[in-house]
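[1] mind looking at a prediction? Sequence and model below.
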Amino acid sequence: MFSKLKNDAYWLGGMLGILLPAMAYGIIRGIDLILQRLSGQEQVLEPATMVLISIFVNLFTLRYYLVNLRYDKTGRGILMLTFGLAMVYFYFLFRT
C-alpha cells in the first residue's frame, strides 16, 4: 500500500495535496470540538484559522518529497494544489 506513495507522478502530488489538508482539517475540527466541551466556550478556533492550518500541513509533505526523496513531479503536484488552496482561501477571506 505504501509503495504507491513512492512514485514520482503529478497525480500523486495532486491526491496528497487534497487528501492531507482534508484529513488535517478533520483532526483539527475534532480537537476543537473536544476543547469546546472541556472549556465551555462556544468556539475555540475560528473556522478560517482551522482551514489555514490544514493548508499549512502540505508544506511538510512538500519538503519531504522535494528534499528527501527528490521526486520533482510529486512535489510540483503538491505545490500546485497548495497554491490553489491558498488562493481559494484568500479569495473567500477577502471577498467582502
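    Nice, I can see it.

[2] using the three-state scheme, assign the nearest residue in space to Gly17 that is not next to it in sequence.
    Nearest-residue entry for Gly17: Leu81, 2.8 Å, with adjacent residues in sequence omitted and distances by C-beta to C-beta, 6 or more residues apart in numbering. (Each C-beta comes from the backbone N, C-alpha and C, glycine too.) The assignment at Leu81 comes out as helix when based on DSSP: H, G, I helix; E, B strand; the rest coil.

[3] quick one: Leu81 and Ser3, what's the gap?
    Leu81 sits 22 Å away from Ser3, going by C-beta to C-beta, to the nearest Å.

[4] neighbour count winner among those two?
    Using other C-beta atoms under 10 Å, the more surrounded residue of Leu81 and Ser3 is Leu81, with 22 against 6.

[5] surely that one and Gly13 touch.
    Yes. If you go by C-beta atoms under 8 Å, Leu81 and Gly13 touch, sitting 7.1 Å apart.

[6] how many neighbours does Val51 have?
    20.

[7] how about the contacts made by Asp72?
    8, 66 (C-beta atoms under 8 Å, 6 or more residues apart in numbering).

[8] look up how far Ala9 lies from it.
    Counting by C-beta to C-beta, the gap from Asp72 to Ala9 is 11 Å.
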